[in-house]
Structure formats: C-alpha cells, structure tokens
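Trainee: Next come a sequence and a model predicted from it.
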Amino acid sequence: MSEQTASIISKVWGICNPLRDDGVSYGDYLEQLTYLIFLKMSDEYSKPPYKKQTGIPAGFSWADLCALKGAALEAQYKKTLEELAKQSGILGKIFAGATNKIRNAAIFYRIVQMIDKEKWVAMSSDVKGEIYEGLLQKNAEDIKSGAGQYFTPRPLIRAMVRCMRPEPMKTIADPCCGSGGFFLAAQSFIAKNYTLDRDQKTFMKNETFFGNELVPTTYKLCLMNLYLHNIGDIYGTIPVTLGDALLTDSGVRVDYVLTNPPFGKKSSITFTNEEGEQEDEDLVYNRQDFWTTTSNKQLNFVQHINTILKATGKAAVVVPDNVLFEGGAGETVRKKLLQTCDLHTILRLPTGIFYKPGVKANVIFYDKRPASAEMQTKEVWIYDFRTNIHFTLKKNPMTDSDLDDFVSCYQPESRSSRTETWSEDNPEGRWRKFTIDDILARDKTSLDIFWIKDKSLADLDHLPEPDVLADSIIENLQSALESFEELKAQLK
C-alpha cells in the first residue's frame, strides 16, 4: 500500500468513530461520501486538462460548497442536494432523495475539507477502490443496517471469477449487483491477465458490464463504486439499472453471468389492506421465457439467468440449498437446467461466511448450450467445502487461499483434465464426480449431495469450539424459523 493510499484511508477511517458516536451508520457516512466525492470529481473534470461540461447548475458546484463552514455549509449542502435531485440523467439518479445525515457541523466540515485536499480524478482506481470497498465491507459488518445481504465475501467472488476466466471484449451481467463486487473482480482479473489495447480498454469501461439493483441506496453506492474503479462514465451510459430484474426480459444477451441473488425464497410486495394493515403478497412472474411459474425468488433468478445468457454463455451463481433439493418448481428447473445447459460444477459452501446467519449456500457453474434434444449435462462435479469446515466473520474469516484447492480441482484452463480426490480408499476426498444417470436416479433430481462424515456428529469427544457450535445452533434455528414462517404464510 502506497503512502498516499494509507494516508487517505487513515483520514477516511479517522472520521468513522466520532460519527458512530453521533449515531451515524457506516451506510449513511458512505452515502454522504458518495455525494461529496461525486461533486469534487465533477469540479475536477470541469477544469484543465479535461474541461468537461459537468451539467451541475451554477451556484451548486463544489466550489460553492467547500469555502463555507458551520450553518452556512449545511444550508448550501442541503440546497445543492435538492437542486441536483431535480436534474436529468446520472445526476438525478445519484442525488434522488438525497439528504444530509451528518448533523455534527464540525465533523461535516472536516469531511468536506478532507475530500477537497485530494485530487480524486488523478488518483488511481486502485486507491479510490480500496477506500470505498473498505467502507462497503464495514457497512456490511454493521449487521443492524441489514447491508450484509448485499455484500458477498470477496474471496468467494474472486474464486468464482478465477474459475470463469472472463475474456476481453465479452459482456458480463449481474442481475442483482449490490455494490458491484463481481464487476470489480472481473475487471481486475481481465486487467491482470491480458494486455489490453485502446479498444479493449474502452469496451471494458463502457460496454462490458450490465447490472440491475433493486434497492435505491445500494444502487447509488454501486454506481459510485463502479465510477471510482473506472467502469462507466459519469457523463455517459449508466452500466447499472435501478429496478427488479425479474419483471421482464430486457433483451440483453451476455457472455457471462456472475451473481449472488438476495437471500430469502419469496418475492413479495407489501400493500395496505382495507383495514389499514400491511400485508405481504407473493410475487409470481408470469414470463413466457420461464420454464415454470413460482413465487420462489431463487428459482426465478436461475430461470432469468438462463434467458439472458447467450447460446454459448457461462454462469456462476450463488444459490441456497433449497434450489438443489426443493420439489415441484424446483425439480422442473433443475431438470431443464441439466437438459439445456452443461451444469458441470457445484461448490458446497461452508457456514459462517455470510453476514446473514442461517445461510447454507452453494455455487452452481453451468454453460448454456444451443438448442438440442440431447441432454447437455453429462456429469456433475461436486466439491464439498462445507462438511467439517466452519468460518466466522471476525475470528476466522475465509481467505483467498482457503479456496485455492477448489480452483485447482476445477481446472479452469482445461476442465477435461479433472481428477477426483475422492475414492473408496479416500472417502474424505472433497472432489467427486457424479454421472447424469446418478443424478436423474435421485429423488426429485436432487443435487444436494454429500458423502463426507460429519465429525461433530461421529465423535462427541471432539466437538467444535464453543463459538463455532453457537454459530451452528443459531444457523439451524434461523433456518427452522424461516421454514415455520413459510408454513404459517401457506396456512393463511
């Protein structure tokens, strides 16, 4: 880390604690940084050598703000947010509904001065990205804010990208992109593994990425995160769309989909009934391109991803266990996926890596194939990274090296050279192949397959550490509670 990076990060973090004492969350701090850095970058772009038309109305620029302090600064900032929210294009999208959440005038002045002292446009995207990603992770850790569901562990994202090996001049989509983590990892992989010419760099900046995000505040954070990493143009095409990706087929077809759809099985909308009470109504997407109709959000995302992939497209998708074993619509989706795509790999994920407890998830990797009557999946390789493995977010977080063995087994450059680590002589081997006949013979075509003995069940003398055991109990209770809530909803 350079001295410049360390210095700026130190300044940004130095303001966090007093803000937290004032009741300002990481998310609110991050949102204000987004607005202020945007204004400062626009001001820098308006000057030589760029001399761009910023679109910011006279009287509401960074220069009109940064010379003020105290009540005058707060009043000018309030007017600036209101004015920019009225603008068209990217300005209006970033500033829609913006308000100042930082009530401490002295701290707010310090933030403005800190941002004013740096040249943000000239700063490398690595430096800007490191600052922003660090704050996004802190926001995810702030469980009360609920932001964790939008934050996929970065080591997992990077492992998925290492397996997919995205290439230059190809398109990449994430239909629920959160803060943009998959896009940034793909961009970094391409930049490190290829020497890009001018056309390839322009394509990666403006035409590679297509995203959707449903939550307005997360959408804003994503936009700024991408801009700070040189994806998209402040004054050009917006790479991410605000809205529900499942509502319709946008017509976009891409080479890769990398995504972690939000947790929770049901898609629902909240409305007020005649008695004035709020009720949830399950959303069912009646789309002609879907294989089956269901209110299960996860199954709908799998179907949507199949639609937006090109005939030779590839996908890596985080899905909860229910997608692998649920009957009815779940079985229909699995059979269609095995029939029309080569569903070649499943990574069973360990517990304790997500910010929401109770999540048991997997990554499914599959390649779409042109229409054919022939079964496209011939064999499914499963890596059990769950049994007898447990991480915690603070004491024992998952790292990149923890996934090295999976990536090595995956054989990204030549999947035909895969070899099992499981055998009759080595029943603890984590990498095992199942033929399509093995899969189709299973009840409900279940892909929820495991074979390694759980040591905590087999050997009571070697129980896990107390904190690991406590996490496991919480996860099981959380999962049971969700099942009971679904049952209650069905009884209604």
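Mentor: Received it, and whenever you're ready, just let me know what you need.
Trainee: and K368, what is it in contact with?
Mentor: Residues in contact with K368 (Cβ atoms under 8 Å, 6 or more residues apart in numbering) are N306, L309, K310, A311, T312, G313, K314, A315, T340, C341. No exception for glycine: its C-beta is placed from N, CA and C like everyone else's.
Trainee: secondary structure class for the fourth one?
Mentor: For A311, the reduced secondary structure class is strand; criterion used: DSSP: H, G, I helix; E, B strand; the rest coil.
Trainee: Including distance to D199, could the contacts of K368 go into TSV?
Mentor: Below are the contacts of K368 laid out as TSV (distance: Cβ to Cβ, whole Å):
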residue	distance to D199
N306	30
L309	24
K310	21
A311	25
T312	22
G313	22
K314	23
A315	26
T340	34
C341	31
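Trainee: Show the buried residues in these.
Mentor: N306, L309, G313, K314, A315, T340, C341 (16 or more other Cβ atoms under 10 Å).
Trainee: Show me which residues of stretch 206-220 are buried.
Mentor: T208, F209, F210, G211, N212, E213, L214, V215, T217, T218, Y219, K220.
Trainee: With stretch 432-446 instead?
Mentor: R432, I436, I439, T445.
Trainee: One more: stretch 58-66?
Mentor: Per 16+ other Cβ under 10 Å, stretch 58-66 contains these buried residues: F60, S61, W62, D64, L65, C66.
Trainee: which among those gets closest to N225?
Mentor: W62 (20.2 Å; Cβ to Cβ).
Trainee: Find the nearest non-adjacent residue to the closest one, please.
Mentor: Residue nearest to W62 in three dimensions, not counting chain neighbours: D43, with 3.7 Å by Cβ to Cβ, 6 or more residues apart in numbering.
Trainee: Now do the end-to-end distance for stretch 416-433.
Mentor: 12 Å (Cα to Cα, to the nearest Å).
Trainee: From here on, call the first residue 866.
Mentor: Sure, I'll start numbering at 866, so the last one becomes stretch 1281-1298.
Trainee: what's in contact with it?
Mentor: 1244-1250, 1270, 1274-1276, 1316-1318.
Trainee: Could you export the buried residues of stretch 1297-1311 as JSON lines, including secondary structure, pLDDT and distance to A1238?
Mentor: Shown next, in JSON lines, are these (DSSP: H, G, I helix; E, B strand; the rest coil; pLDDT from 0 to 100; distance: Cβ to Cβ, whole Å):
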{"residue": "R1297", "secondary structure": "strand", "pLDDT": "97", "distance to A1238": "29"}
{"residue": "I1301", "secondary structure": "helix", "pLDDT": "97", "distance to A1238": "15"}
{"residue": "I1304", "secondary structure": "helix", "pLDDT": "96", "distance to A1238": "19"}
{"residue": "T1310", "secondary structure": "helix", "pLDDT": "96", "distance to A1238": "18"}
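Trainee: So which of those residues is the closest to I902?
Mentor: R1297 (48.2 Å).
Trainee: related to what we said a few turns ago, give me the subset of the buried ones among the contacts of K1233 lying in strands.
Mentor: Assigned to strands by DSSP state E, the following of those qualify: L1174, G1178, K1179, A1180, C1206.
Trainee: got a list of what the first one touches?
Mentor: So the one you mean is L1174. R1118, V1119, V1122, A1180, K1233.
Trainee: swap in the last one?
Mentor: By Cβ under 8 Å, 6+ apart, the residues touching C1206 are N1171, Y1231, D1232, K1233, R1234, Q1241, T1242.
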